[in-house]
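Engineer: Next comes the sequence, and after it the predicted model I'd like to discuss.
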Amino acid sequence: MKIETWLTPNAAGESERTRASVVVVIDVLRATTVATTALSAGAKSITTCGEIEEAFAMKTAAAPDNVPLLCGERGCQPIVGFDHGNSPGEYSPAGVSDRELVLTTTNGTAAIQAAEDCDHMWLACFANLSAVIDRLVRWHSANQENDAFVRIVCAGTNGCVTTEDVLLAGAIIAMCHQRLADSPRFYDGPIELLNDSGALALSAWQHCITHDGVNSSETLAERLKLTQGGKNLIAANYAGDLVDCGSIDVFELVPTRDQRAPARFVAG
């Protein structure tokens, strides 16, 4: 499996970007966790956009019997006039089941737009980690004979690298190796890292396990408190979201893009 990793959405200039077969977008805190939670709660779809005005326009243009819920944040805080913020705990079956959602966030939806040039796009978080690995392994089995590759895109925060997204990128790389390799030695296995960012993410995740003692959802949530994204949420009084975002393998679905512009995701 060939894997290219972007530690931020602007990791490569436009002229340097090659179309990927699969893009996996990561925004652990909190957009991809929210999207996975909402679809698991029965939401019909999640359409993403970059600007608040676009979200309001989508709601205005919708049919009277199918008005979407507006969801998202700016600077960690809910947006005035929106139905939901960006906390996973807000997305219960009672609130979103059988509803279409429009989502715009500071970093996550921008990453989705930056990485849109691909055949398939999936959203990953710790809450659906094993489901993402299953999907990647199946894709790899069907595409071993061509030059297709996977691009992992970390949303980051305001253009800067964030540890929580890097850790998940590393976990995805490590778990793909575990599923596909005969040898515990990473560089003896079938994973080909197309840039050094993937190696950095893998090292960060391995360090997290061996030195930080992360071996459960509880210890991961504690580790997320130390990241810049975690500190931002704590300062904004959303420390409770770190528990939801640090929960591992809670859901079995992968948000899957079924429309490119605007990007729309359904349960996959």
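Structural biologist: Received the coordinates, thanks.

Engineer: only C-alpha atoms for contact and neighbour calcs from this point on.
Structural biologist: Noted.

Engineer: how about the helices in this structure?
Structural biologist: Taking DSSP state H, the helices of the chain run over residues 31-40, 52-61, 93-96, 108-114, 129-142, 163-180, 196-210, 217-224, 228-235, 241-245.

Engineer: Need the winner for burial among those helices.
Structural biologist: helix 31-40 (a mean of 28; mean count of other Cα atoms under 10 Å).

Engineer: What lies in contact with that one?
Structural biologist: Residues outside helix 31-40 that contact it (Cα atoms under 8 Å, 6 or more residues apart in numbering): 25-27, 45-46, 86-88, 91-93, 96, 105, 107-109, 123-128, 245, 251, 253-255, 266-267.

Engineer: what separates the residue nearest the centre of the chain from residue 87, distance-wise?
Structural biologist: Central residue of the chain (Cα atoms, centre = their mean): residue 26, 2.7 Å from the mean position. Distance from residue 26 to residue 87, counting by Cα to Cα, to the nearest Å: 16 Å.

Engineer: cool, and residue 189?
Structural biologist: Separation of residue 189 from residue 87 (Cα to Cα): 38 Å.

Engineer: neighbour-wise, which of the two wins?
Structural biologist: In this view residue 189 and residue 87 are compared by other Cα atoms under 10 Å, and residue 87 has more residues nearby, 25 against 16.

Engineer: My guess is residue 50 contacts residue 109. True?
Structural biologist: Yes. Using Cα atoms under 8 Å, residue 50 makes contact with residue 109 at a distance of 6.0 Å.

Engineer: still on that earlier bit, can you list the helices of the chain in a markdown table and add mean pLDDT and distance to residue 10?
Structural biologist: Shown next, in a markdown table, are the helices of the chain (pLDDT from 0 to 100; distance: least, Cα to Cα, whole Å):
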| stretch | mean pLDDT | distance to residue 10 |
| --- | --- | --- |
| helix 31-40 | 98 | 18 |
| helix 52-61 | 97 | 21 |
| helix 93-96 | 97 | 32 |
| helix 108-114 | 96 | 7 |
| helix 129-142 | 96 | 23 |
| helix 163-180 | 96 | 14 |
| helix 196-210 | 96 | 13 |
| helix 217-224 | 97 | 23 |
| helix 228-235 | 95 | 18 |
| helix 241-245 | 98 | 24 |
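
Engineer: can those helices go into JSON lines with extra columns for distance to residue 73?
Structural biologist: What follows is the helices of the chain, written out as JSON lines (distance: least, Cα to Cα, whole Å):
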{"stretch": "helix 31-40", "distance to residue 73": "9"}
{"stretch": "helix 52-61", "distance to residue 73": "9"}
{"stretch": "helix 93-96", "distance to residue 73": "17"}
{"stretch": "helix 108-114", "distance to residue 73": "10"}
{"stretch": "helix 129-142", "distance to residue 73": "24"}
{"stretch": "helix 163-180", "distance to residue 73": "18"}
{"stretch": "helix 196-210", "distance to residue 73": "27"}
{"stretch": "helix 217-224", "distance to residue 73": "20"}
{"stretch": "helix 228-235", "distance to residue 73": "12"}
{"stretch": "helix 241-245", "distance to residue 73": "14"}
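
Engineer: among those, which is nearest residue 9?
Structural biologist: Among the helices of the chain, helix 108-114 comes nearest to residue 9, with 5.3 Å by Cα to Cα.

Engineer: just checking, what packs against that closest one?
Structural biologist: strand 20-26, helix 31-40 (3 or more Cα pairs under 8 Å, 6 or more residues apart in numbering; DSSP states H and E).

Engineer: Now do the longest one: distance to the chain's middle.
Structural biologist: Between the mean C-alpha location of helix 31-40 and the chain-wide mean there is a distance of 9 Å, by Cα atoms, centre = their mean, to the nearest Å.
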